[in-house]
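Peer 1: Fold the following.
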Amino acid sequence: MLKIDIEKNYPNIYSKLDEIDKDLDELRYFVVVDENYADIDDEELDVFDPQDYNYLVYITERLSNILTEDGLKKLYLTLDNGVDFIENFLGSEEDLYGIKSDLSEDELATKIVEIAENILKDIS
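Peer 2: Model prediction:
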């Protein structure tokens with residue numbers, strides 16, 4: 001996963017972190033992007049067909065708490081209303097999404113955290 005400087009790149013998110021989390025340096029602590037592939041035993045397969053959604057995206061509890069309920073709704077709506085890097089979007093839960101995109105896992109995670117950062121900037 002991509003190493004980042006949270007304080008420098010995402011100051012609004014950083015300002016909301018507990019002191020113990022201030023040394024986090026990877027996006028996976030905020031959003032997890034996994035390739036969606038056909039697995040017979042996968043319980044998500046019936047919701048997120050790999051042909052329609054090539055990634056499963058999990059918003060971590062840490063980022064959910066930082067965004068609060070209103071911010072999380074704004075993130076969902078932003079992704080659902082279409083952004084140029086998403087071809088298909090399905091949110092089965094407020095923190096679990098199926099996304100079809102040509103971006104890499106790291107690029108997609110970066111874009112989603114950037115959207116969350118901008119939501120926090122607008123709220124502040």
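Peer 1: so where do the helices sit in the chain?
Peer 2: Listed in chain order, the helices of the chain (DSSP state H) span 6-9, 11-16, 61-80, 105-123.
Peer 1: Among those helices, which comes closest to residue 32?
Peer 2: helix 105-123 (7.7 Å; CB to CB). Quick note: C-beta positions are derived from backbone N, CA and C, even for glycine.
Peer 1: quick one: the closest one to chain centroid distance?
Peer 2: 7 Å (CA atoms, centre = their mean, to the nearest Å).
Peer 1: sorry, back to before: how about the helices of the chain in JSON lines, adding mean pLDDT, distance to residue 23 and mean neighbour count?
Peer 2: Formatted as JSON lines, those follow (pLDDT from 0 to 100; distance: least, CB to CB, whole Å; neighbours: other CB atoms under 10 Å):
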{"stretch": "helix 6-9", "mean pLDDT": "94", "distance to residue 23": "9", "mean neighbour count": "14"}
{"stretch": "helix 11-16", "mean pLDDT": "95", "distance to residue 23": "11", "mean neighbour count": "17"}
{"stretch": "helix 61-80", "mean pLDDT": "95", "distance to residue 23": "13", "mean neighbour count": "17"}
{"stretch": "helix 105-123", "mean pLDDT": "95", "distance to residue 23": "17", "mean neighbour count": "18"}
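Peer 1: can I get the ones you listed in JSON lines with distance to residue 33?
Peer 2: Shown next, in JSON lines, are those (distance: least, CB to CB, whole Å):
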{"stretch": "helix 6-9", "distance to residue 33": "17"}
{"stretch": "helix 11-16", "distance to residue 33": "17"}
{"stretch": "helix 61-80", "distance to residue 33": "12"}
{"stretch": "helix 105-123", "distance to residue 33": "4"}
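Peer 1: Of the ones you listed, give the one that comes closest to residue 98.
Peer 2: Of all the helices of the chain, helix 61-80 comes closest under CB to CB, at 10.6 Å.
Peer 1: what residues does that closest one touch?
Peer 2: 13, 16-17, 21, 29-31, 59, 86, 89, 91, 94-95, 97, 99, 112-113, 115-116, 119-120, 123 (CB atoms under 8 Å, 6 or more residues apart in numbering).
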